[in-house]
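Colleague: Just need the structure, nothing else, for what follows:
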Amino acid sequence: LVGLAALFGLPVGFLAGLCLAERGDGRFGTVVRLTAEVLASVPSVVVGLVAYGLLVVPLGRFSALAGAAALALLLIAPVARTTEEVLRLAPQTLREAALALGVRPWRTSLFVVVPAALGGVLHAALLALSYVAGEAAPLLFTSLSNQHYSLRIDRPMASLPMQIYGDALAPLAQPRAFGATLCLLILCGGLHLGARALRGAARR
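Modeller: From the prediction side, this is the model:
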């Protein structure tokens, strides 16, 4: 689920952040920034209900695809805002040197500015992934859960947040809920450590 959400949400969030960093002062940039702020302020349960109405109801079933779409919507705003800040921190001299050599502005952004800030961009992506990995409310209305291991994206799929939610309600299954919680903490902690390592490598 998180992998599908990253596949859908990270490119959109990155492109939105790039647009805000390079063309954020115009009318289009204002619209993109406003959209990102609205997405950032919407509760995750509302995103789940929107995905339910747009994907689950028309398809007639809960599915991993609907869950991934809901998580992707939650990914876009933090990735866009953090990417914008990171790209704005890139040295202005790099951009000016490339433009002085006759490089087109879009090529300057993609092949000069972005590589200089790549560590920060990856850091933002990993932090956003750790944020959505623990969301249960959107999955309750979209992917629901599955008692069996399944990789079919057109069917309900199990997830750690939903496993924790379901087991915590059953007294006999609460030890399993604690185990799933530990797995989720390890996953999110690993993503945070990876983000810090990338940020440190970029600074060096």
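Colleague: drop to CA atoms for contacts and neighbour counts, all remaining ones
Modeller: Fine.
Colleague: Scan the protein for its longest helix.
Modeller: Criterion DSSP state H: the longest helix present in the chain is helix 174-203.
Colleague: So which elements touch it?
Modeller: helix 118-133, helix 160-168 (3 or more Cα pairs under 8 Å, 6 or more residues apart in numbering; DSSP states H and E).
Colleague: what's the distance between the residue nearest the centre of the chain and residue 67?
Modeller: What sits nearest the mean C-alpha location of the chain, by Cα atoms, centre = their mean, is residue 75, with 2.6 Å. For residue 75, the distance to residue 67 equals 12 Å [Cα to Cα, to the nearest Å].
Colleague: same question, residue 18
Modeller: From residue 18 to residue 67 the distance is 26 Å (Cα to Cα).
Colleague: any idea how far the closest residue to residue 164 other than its chain neighbours lies from residue 67?
Modeller: Spatial nearest neighbour of residue 164, excluding adjacent residues (Cα to Cα, 6 or more residues apart in numbering): residue 177 at 4.6 Å. As judged by Cα to Cα, residue 177 and residue 67 stand 21 Å apart.
Colleague: So which of these two has more stuff around it?
Modeller: Taking neighbours as other Cα atoms under 10 Å, residue 177 and residue 67 compare with residue 67 leading, 31 against 23.
Colleague: Would you map the helices across the protein?
Modeller: So, for the chain - with DSSP H - the helices run 2-23, 27-41, 44-51, 57-59, 64-88, 92-100, 105-108, 114-116, 118-133, 137-140, 160-168, 174-203.
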